[in-house]
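Trainee: below: sequence and its predicted model.
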Amino acid sequence: MPRNRTLKAVAGIAASFAGLVGTIIFLLEMKIIGAEMAKLMLVALLGIYVGFGVLVAVYRLIGKLE
């Protein structure tokens with residue numbers, strides 16, 4: 001069962017990331033934001049997801065030490 005739960009969590013995270021990227025691209029295509037702003041938003045979004053991924057991984061590793 002944990003394997004299925006993990007798969008659902010990964011699918012949810014990937015879907016939310018894809019949705020946010022799609023929203024940024026939509027805003028770019030509608031000329032609501034400029035190309036530079038879109039690039040900045042995409043890099044920031046990637047940084048947030050990587051940063052929280054590292055945070056969760058470290059939290060789980062510390063939990064296994066106790």
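Mentor: Looks like it arrived, so ask away.
Trainee: what's in contact with stretch 47-61?
Mentor: With Cβ atoms under 8 Å, 6 or more residues apart in numbering as the test, stretch 47-61 has contacts from 13, 17. No exception for glycine: its C-beta is placed from N, CA and C like everyone else's.
Trainee: where in the protein is the helix or strand with the lowest mean pLDDT?
Mentor: The least trusted helix or strand in the chain, going by mean pLDDT, DSSP states H and E, turns out to be helix 2-29, with a mean of 91.
Trainee: what mean pLDDT would you report for the lengthiest helix in the chain?
Mentor: Longest helix of the chain, by residue count under DSSP state H: helix 35-65. What helix 35-65 shows for mean pLDDT is 95.
Trainee: could you list the buried residues of that helix?
Mentor: Residues 38, 41 are the ones in helix 35-65 that count as buried (16 or more other Cβ atoms under 10 Å).
Trainee: so how far is it off the chain centroid?
Mentor: 7 Å (Cα atoms, centre = their mean, to the nearest Å).
Trainee: also stretch 26-37?
Mentor: The answer for stretch 26-37 is 20 Å, by Cα atoms, centre = their mean.
Trainee: what are the buried residues along it?
Mentor: Buried-residue list, stretch 26-37, by 16+ other Cβ under 10 Å: 28, 33.
Trainee: ends of that stretch, what's the gap?
Mentor: For stretch 26-37, the first-to-last residue distance is 13 Å (Cα to Cα, to the nearest Å).
Trainee: which residue is nearest the centroid of the protein?
Mentor: Closest to where the C-alpha atoms of the chain average out (Cα atoms, centre = their mean) is residue 49, at 3.7 Å.
Trainee: so how far is residue 62 from that one?
Mentor: Going from residue 49 to residue 62 by Cβ to Cβ, to the nearest Å gives 21 Å.
Trainee: go on, residue 52?
Mentor: Applying Cβ to Cβ to residue 52 and residue 62 gives a distance of 15 Å.
Trainee: and what of residue 16?
Mentor: With Cβ to Cβ as the criterion, residue 16 and residue 62 are 25 Å apart.
Trainee: likewise for residue 11?
Mentor: Where residue 62 is concerned, residue 11 sits at a distance of 26 Å (Cβ to Cβ).
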